[in-house]
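**Q** this one's sequence-less:
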Ligand SMILES: [Zn+2]
C-alpha cells in the first residue's frame, strides 16, 4: 500500500464570498485527509485561492485598488475557513505567489517547446463572469450555457494548446484507470465528451492584464484555468524537484464540484501528459446544494454562510450534516431544520447519550473504573461483531469516497449499542450481587462501542471525538494520531482505567 496521500480542494475564487459549496468541498477533503492520516499515511492536504482573472481586475478597479491589494484584503475570507471548520490542511496556495508564477510558466514552456502550444487566433462568444469562451453551437442564443448571462463576441490572438492531439491518449487513460473519474455517472459523461472530439484550447488572453504573463510574449496573459490547475503542482514545490513533488505527486484525489469536472478530468491530464508529468490518480465530482428547496443565489438572499452556521451550531454538527445528509456525489438540499434534527437525534440522542449514560452507570456501579469484560454471551458477541463491521464499513466507505455510508455505519453501531444497554438492563443487574460479572460485561461492551464510535467519527466531528476520546482513553493523546485499524479493534478499552462520571459532547440544539 502506498503510504502517502495527496488531496486537494479546488482553489477558490478570491472574489467570491465563502458559502456552503466551499465549505462542503473543504470539509469532504478534510475528512479524507484525517482518515488517511489515521491509516498511517503521510498526508498532504492543499487548499487555496485563485486570484487572477477579469472579475478580480474589474472589482479592484471599481474599488480603486490594485488587483493584488484586493486579493490581499479578501483572501482572509477563505483562510479563515481553516480554523472555523476545523480544517487540517497542510498547505494554502495563492495563485499570486511568486512560486506559482514560476510553476505555471515552466509548465507552459514545456508545451511551447514541444509544439503542443502554438500561436493562433481565437474568436468566440465570451462569458465575462465565467471567463469562458463558447462556440456558436453552445452560445448561439447569445447566452452563456452555464450561467445564462449574455455573452459577447470576441476575437484575439491567442496561444492554443493542442488538445485535439490528446483525444486518444485521454480515452486510453480513462480506460486504463477506471477509478480516475468518480462517480461512475460523471465518468461516462466525460468519456462521451472526449469521444465526441476535442478542439484545441485557447490558453492565453490579450484582453486582460491581471494574470501570469506568457513567457517571452508581451501582451499575453495565461488563461486563468491553465494558471489555476497548475496550483496542484506549485503546492508541492514544482518546478523545483523538491521532496514534496517526489513524495506526493501524482495527486491521489482532486475533489471538485461537478461544474468544474471537465477542467480537471480533460484539460489538466492533457497539460500534464504534454509536459511529461504523470496525471493525477483521481478526480471526484460532488453535487450541489439547494437551500430549503431553492437554488442558492445572492438575489434570493439565501446564501448559506459557513461562518454563521459554525457560530450557531458548532463546526462538528455542521460538518456532520454536510457529509451525512446526502449520498456523496449527488445533489442535496440544505435545511437548518434538518441539520438540527440530525444533530439532535443522531449526535445528541444516540451517540452523546450512549457515552454519557454509560459513564454515569460506570460511576455509580464501579466508581468509574472500567471492569473486565467477562464471559461472552451471544448478545455480547453480536455487539462486538457490529463494532468490527463498523470499522470495516468505514474503511471501505472512505476508499469509495462515500461519507454517508461511513456515517451510517457508525450511527448503526451506536443504535445497536443503545439497544444492547436497553436489553441488558444494567440497573436491574446492579440489584443482584450474583450478576455483578454480567453488569461489568454490559458496561464494558457499551463503553467499548462508544470508544470505537468516537474513533470512527474523528474524521467528521474532530472536536467532539477528541472530547469522547479523552473521556474513554485517559492519557490516549490525540485521537487524530490514533491508528484507526489497530485502535479500532474491538476490545481496546482498557480494564482498570478510571473514567469521568459524565461527558456531554453534543448538547441538544434548542429550537425556538
Ligand atoms: Zn457564464
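**A** Thanks, I have the structure now. The model shown is predicted, which means the values in this text are computed figures rather than measured ones. Numbering: from 1, shown residues only.
**Q** alpha carbons only for contacts and neighbour counts from here, please
**A** Noted.
**Q** tell me which strands and helices the host helix or strand of residue 254 is in contact with?
**A** Assigned by DSSP states H and E, residue 254 belongs to strand 253-257. On a contact count with 3 or more Cα pairs under 8 Å, 6 or more residues apart in numbering; DSSP states H and E, strand 253-257 meets strand 4-13, helix 20-38, strand 283-286.
**Q** Out of the ones you listed, flag the one nearest the ion.
**A** strand 4-13 (14.7 Å; Cα to the ion).
**Q** Next, the angle from the strand holding residue 254 to helix 20-38.
**A** 160 degrees (axes from the mean of the first three to the mean of the last three Cα atoms, to 10 degrees).
**Q** Could you list the residues in contact with strand 253-257?
**A** Residues outside strand 253-257 that contact it (Cα atoms under 8 Å, 6 or more residues apart in numbering) are 6-10, 25, 29, 264, 280-288.
**Q** Does the closest residue to the ion within the stretch 201-350 of the chain belong to a helix, a strand or coil?
**A** In the stretch 201-350 of the chain, the residue that lies nearest the ion is residue 259 (11.6 Å; Cα to the ion). Following DSSP: H, G, I helix; E, B strand; the rest coil, the label given to residue 259 is helix.
**Q** Pull the number of nearby residues for residue 395.
**A** 19 (other Cα atoms under 10 Å).
**Q** Just the element for it, please.
**A** helix 378-399.
**Q** and the gap between residue 158 and residue 214?
**A** Using Cα to Cα, to the nearest Å, residue 158 is found at 10 Å from residue 214.
**Q** ditto for residue 277
**A** 20 Å.
**Q** between the two, which one's more packed in?
**A** More neighbours surround residue 214 than the other of residue 277 and residue 214, with 20 against 14 (other Cα under 10 Å).
**Q** List the contacts of the more buried one.
**A** Counted by Cα under 8 Å, 6+ apart, residue 214 has contacts 105, 108, 204, 220, 221, 222.
**Q** nearest residue to the fourth one other than its sequence neighbours?
**A** Here the nearest residue to residue 220 in space, its sequence neighbours aside, is residue 206; by Cα to Cα, 6 or more residues apart in numbering that works out to 4.8 Å.
**Q** ditto for residue 222
**A** Counting by Cα to Cα, 6+ apart, the residue nearest residue 222 is residue 204, at 4.4 Å.
**Q** Ramachandran angles for the one you found?
**A** phi -150, psi 160 (degrees, to the nearest 10).
**Q** hang on, the earlier thing: after the helix holding residue 395 comes which helix or strand?
**A** Where DSSP H and E defines the elements, the next helix or strand beyond helix 378-399 is helix 403-424.
**Q** Quick one: list the elements packing against that next one.
**A** Counting by 3+ Cα pairs under 8 Å, 6+ apart, helix 403-424 packs on helix 315-324, helix 353-366, helix 378-399, helix 436-457.
**Q** could you check the angle helix 315-324 makes with it?
**A** Helix 403-424 and helix 315-324 are oriented at 110 degrees to each other (the same axes, to 10 degrees).
**Q** In helix 403-424, which residues are buried?
**A** 403-418, 420-421, 424 (16 or more other Cα atoms under 10 Å).
**Q** Ok, stretch 74-87 next?
**A** 75, 78, 81, 82, 84, 85, 86, 87.
**Q** Secondary structure class of the fourth one, three-state.
**A** Secondary structure assignment for residue 82 (three-state DSSP): helix.
**Q** So it sits against residue 91, correct?
**A** No. Between residue 82 and residue 91 there is no contact under Cα atoms under 8 Å: 10.7 Å.
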